[in-house]
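Q: structure for the following, please:
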Amino acid sequence: MSRSARDTLAALVVGTALGLAASGAFAADEADAPPKGAAVTVLKAAKSCFGNIVEVSGIVIAREETQVRPERFGLKVAEILADAGDTVTAGQTLARLALPEGGSVQVQAPIAGVISATTAAVGAMASGKGEALFSIIARGEFDLVGLVPTRDIAKLQVNQAARIKVIGAGEVDGKVRRLSTTVEPNSQLGQVFIGVTTNRKLLVNSSGRAQIKTGQSCGIAVPLTAILYGNAGTVVQVVKRQRVETRRVETGLMSAGQVEIRDGIAEGDIVVARAGALLREGDPVRPVMVAADAK
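A: Numbering: from 1, shown residues only. Reported below is the predicted structural model:
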């Protein structure tokens, strides 16, 4: 081989080597480059438990109320010894009435309880008919009476525990005491009686709302913000291989901003925390994992 041929071959080898080196450097730079697409906040779908809650709104009523009247006519109220709101015992003297012929008789509480109302006034006539001198809520027992849809009545049972928030009295405990066996035909609502357990003084006809836990369901949970509702149904956007995938899901219970996912995604799937119409199937994205305490 001539010298000029050898020089030409050497130049070709060096050029090829330089070209391969440059190509390798370009490929390395491309591999190290950050992924393309918009940055999106994501989180891992995790398991959680949801309480199945039935809510009942209604009013507080006396469970049993006894009317107290004198046994005869022509008596005049001489002294009042109890007033509305007082807690009384059985046999306690509530008032003293003057007899027309002289002397007096006592009006006593037939049962223990709370006086809900009184019409007694000194000097007024008391009668065995008409308005009662005193109304006593037997044993101070109250019920929250409300209406619930037919589908919820089927979930309720007598003695289920309830947590009740009564306006003016705060939160108190209760239990389902009685369920209606019929529903109102037009509204398809049925009546529920929830016994209230408290030492606090309650006002008859005050409003209240009860929450009754009827069961529990455990499964996959995602934030409400990760759910999209549209013509395609209910969907969640997940990120796989740094691209968006749209998954149709079946949702269940909801609590504290979290939604139960019964079908469509699995534990550990990377879910877009705030799904939106701007992200479409197959879009490249740069996932940014949200901290566990920021969910």
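
Q: pLDDT wise, what is residue 17 at?
A: pLDDT recorded at residue 17 is 45.

Q: repeat that for residue 158.
A: So residue 158 comes in at 94 (pLDDT).

Q: now for it: which residues touch it?
A: Counting by CB atoms under 8 Å, 6 or more residues apart in numbering, residue 158 makes contact with 176, 177, 178, 179. For glycine as for every other residue, the C-beta is placed from the backbone atoms N, C-alpha and C.

Q: apply 10 Å and report the result again.
A: 175, 176, 177, 178, 179, 193, 195 (CB atoms under 10 Å, 6 or more residues apart in numbering).

Q: same thing with residue 97?
A: The contact partners of residue 97, by CB under 10 Å, 6+ apart, come to 70, 72, 74-79, 103-107, 120, 125-126, 133.

Q: of the contacts of residue 158, select the buried ones using a ChimeraX command.
A: With 16 or more other CB atoms under 10 Å as the criterion, this ChimeraX line picks the buried residues out of these:
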select :175,176,177,179,193,195
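
Q: residue 100 belongs to a strand, doesn't it?
A: No: counting by DSSP: H, G, I helix; E, B strand; the rest coil, residue 100 is not part of a strand but coil.

Q: quick one: it and residue 126 touch, right?
A: No: counting by CB atoms under 10 Å, residue 100 stays clear of residue 126, with 11.8 Å between them.

Q: and for these two, which residues touch both?
A: Residues within reach of residue 100 and of residue 126 at once, by CB under 10 Å, 6+ apart, are 72, 73, 74, 75, 76.

Q: buried ones among those?
A: By neighbour count, with 16+ other CB under 10 Å, the shared contacts of residue 100 and residue 126 hold residue 75 as buried.

Q: export the shared contacts of residue 100 and residue 126 to JSON lines and tack on secondary structure?
A: Output for the shared contacts of residue 100 and residue 126, formatted as JSON lines (three-state DSSP):
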{"residue": "72", "secondary structure": "coil"}
{"residue": "73", "secondary structure": "coil"}
{"residue": "74", "secondary structure": "coil"}
{"residue": "75", "secondary structure": "strand"}
{"residue": "76", "secondary structure": "strand"}
